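Engineer: could you work out the structure for the sequence below:
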Amino acid sequence: MSARMVLLGPPGAGKGTQAARICGRLSIPAISTGDIFRANVAGATELGRRAQQYMDRGEYVPDSVTNAMVRSRLAADDAARGFLLDGYPRTEAQVHELDAILAASGLALDIVLEITADSEAVVARLLTRASEQNRADDTESVIRHRLEVYAEQTAPLAALYRDRGLLVQVDGIGAVDEVTERIMTALVPRLSARGVTA
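Structural biologist: Sure thing, here's the model as predicted:
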């Protein structure tokens, strides 16, 4: 059986780190929209060239292009037995687009995992990272704004998936190994109930 998952969580919650660990346990690819964009742009695909035109103008890449990139990536062989999507969907319209992409193959999501994190802990974590990595643009005001935008955009998605019975929330604050075990403890019963072995 396959595990088809979406990963939600604020900046600094450790999504990238935990995505790699979850996917290693479940033998499914971690698919981030950032990676999809970079691969298409670097490969000079038709979608990549279209996305680049918007980015060069400092504009958001429209849903039509993003959706097409995600559709193409999910059709790849390595995603046939499951995937963990990070960074998509970001809007309710994209939720419905993902539903349609999966339904076209007779599939549906198994779980939506939201890694939660206390805002003050995240701000402290990101300021430390900014200092260590010399990210001068990651100031406290910028970080707090990113968290506000995330909360505004994602709260409706979490509620929508909660209503569907798909949402699993796990606290992302703590040692990396501790958070991984917390996540797997929450996921395994839900996956098992859907016939997915972890």
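Engineer: center of the chain, which residue is that?
Structural biologist: The centroid of the chain falls nearest to Asp86 when counting by CA atoms, centre = their mean (1.7 Å).
Engineer: got a list of what it touches?
Structural biologist: Leu7, Lys15, Gly16, Ala19, Ala30, Ile31, Ser32, Thr33 (CB atoms under 8 Å, 6 or more residues apart in numbering). In short, each C-beta sits where N, CA and C put it, glycine included.
Engineer: which helices and strands sit right next to the helix or strand encompassing Glu97?
Structural biologist: Per DSSP states H and E, Glu97 falls inside helix 92-103. The helices and strands touching helix 92-103, judged by 3 or more CB pairs under 8 Å, 6 or more residues apart in numbering; DSSP states H and E, are helix 63-74, helix 140-163.
Engineer: which element is encountered next along the chain beyond that helix?
Structural biologist: Helix 92-103 is succeeded, C-terminally, by strand 111-116 (DSSP H and E).
Engineer: returning to what we had before: quick one, the helix holding Glu97 and helix 140-163 angle?
Structural biologist: 50 degrees (axes from the mean of the first three to the mean of the last three CA atoms, to 10 degrees).
Engineer: name the residues of helix 92-103 that are buried.
Structural biologist: Gln94, Val95, Glu97, Leu98, Ile101 (16 or more other CB atoms under 10 Å).
Engineer: is it true that the first one touches Met69?
Structural biologist: No. Using CB atoms under 8 Å, Gln94 makes no contact with Met69, being 11.7 Å away.
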